[in-house]
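Participant: Fold the stuff below for me.
(one chain, ligands or ions: 2)
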Amino acid sequence: MVKIIMHGCNGKMGRMITEIIKEDEYAAIVAGVDTYTETANEYPVFDHIRSCDIEADVVIDFSNAKAVDELLDFCVEKNLPVVLCTTGLSEEQSEKVQKVSEKIAVLKSANMSMGINLLLKLLKEAAQVLSPAGYDIELVEKHHNQKLDAPSGTALAMADAINEALDNTCTYVYDRSQVRKKREKKEIGISAVRAGTIVGEHEVLFAGTDEVIEFKHTAYSRSVFAKGAVEAAKYLKGKNSGMYDMGDVIEF
Ligand SMILES: NC(=O)C1=CN([C@@H]2O[C@H](COP(=O)(O)OP(=O)(O)OC[C@H]3O[C@@H](n4cnc5c(N)ncnc54)[C@H](O)[C@@H]3O)[C@@H](O)[C@H]2O)C=CC1
Ligand SMILES: O=C(O)C1=N[C@H](C(=O)O)C[C@H](O)C1
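Facilitator: Ligands and ions are numbered 1, 2, ... in the order given. Below you'll find the model as predicted:
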């Protein structure tokens, strides 16, 4: 049985994970943390990670980038592995995550779904064939109107996977409105749409002369992220310090 502290327990993802874990005999939420506490949870809820004094095996975090620094400090002090799913971290925060992983086990992933993690592999292969052949690469992501960060963590992870496969030769372009010039060959264009209740859509276009190849992932429910996060927590329990990702959890 994996005992979990759910950080951000009253948010959209925290609530979805709470429901999923009710049906899971190998995992239990022993405490929740959320600045919003006006709810009736089936486990104790604290308004700050520092107030949480419940013993656990792992923390799952779906909260807010502003909350991540304190969470990481807490996890180091308590020697607690953490599944870090919050997106929109600054460069300094990403560096801190790396440093912290020298002391505790950290599994960081911008997207916990099976589909996106498979796609990250496929995109690398496609880029290595299509970019040298002159295909332009553009990425479009769509999310609900409550999302704070743009572009999505997943879009950035996809761009990073492609860039890595191309020996980090690409530049990312987020906004074409300010400069009047043609696109460069080694650009990856990244566009974000925010509308309604879209759970999450990611589309990657490889556009050549007279043909376009499109890779598209659509999440129809947050359960795909929640299930992945719970599997990640089970995987991380008792692990040595280090950086882990969903590639360690999902075997293709
Ligand atoms: N890695 C992945 O697969 C996914 C990542 N996300 C990311 O997870 C994060 C949360 O997403 P949602 O649940 O949709 O957002 P949400 O806004 O519905 O929930 C966030 C929750 O965190 C709470 N919170 C804010 N500050 C806090 C603090 N200092 N301590 C504890 N709790 C705090 C809020 O009160 C809220 O209940 C976002 O960054 C989002 O991009 C979302 C879905 C999938
Ligand atoms: O905020 C969301 O909702 C999501 N955020 C993640 C991201 O930024 O990539 C993953 C998912 O697409 C949903």
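
Participant: Find the nearest non-adjacent residue to whatever residue of the chain ends up closest to ligand 1, please.
Facilitator: At 1.9 Å from ligand 1, residue 11 is the closest residue in the chain, using C-beta to the nearest ligand atom. Just so you know, the C-beta spots here come from the backbone N, C-alpha and C atoms, and that holds for glycine as well. In space, and not counting its chain neighbours, residue 11 is closest to residue 62: 6.1 Å by C-beta to C-beta, 6 or more residues apart in numbering.

Participant: Just list the residues touching the one you found, thanks.
Facilitator: By C-beta atoms under 8 Å, 6 or more residues apart in numbering, residue 62 lies in contact with 7-8, 11, 13-14, 17, 85-86, 229.

Participant: any idea which of those residues is closest to residue 51?
Facilitator: Nearest to residue 51 among those, counting by C-beta to C-beta, is residue 7 at 12.2 Å.

Participant: Within its local environment, how many residues does the closest one see?
Facilitator: 30 (other C-beta atoms under 10 Å).

Participant: With residue 229 instead?
Facilitator: 27.

Participant: my read: it touches residue 17, true?
Facilitator: Yes: counting by C-beta atoms under 8 Å, residue 229 does reach residue 17; the two are 6.1 Å apart.

Participant: For the stretch 101-250 of the chain, which segments count as strands?
Facilitator: Per DSSP state E, counting those that start in this stretch, the stretch 101-250 of the chain has strands spanning 105-108, 136-143, 171-173, 187-194, 200-208, 211-219, 242-244. These are given in chain order.

Participant: Sheet-wise, list the partners of the last one with their directions.
Facilitator: The pairing partners recorded for strand 242-244 under DSSP bridges are strand 105-108 (parallel).

Participant: sorry, back to before: which neighbours do residue 229 and residue 17 share?
Facilitator: Joint contacts of residue 229 and residue 17 (C-beta under 8 Å, 6+ apart) are 60, 62.

Participant: Provide the backbone phi and psi angles at residue 245.
Facilitator: phi -140, psi -180 (degrees, to the nearest 10).

Participant: I figured it hits residue 109, correct?
Facilitator: Yes: look at residue 245 against residue 109 with C-beta under 8 Å: they come within range, at 5.4 Å.
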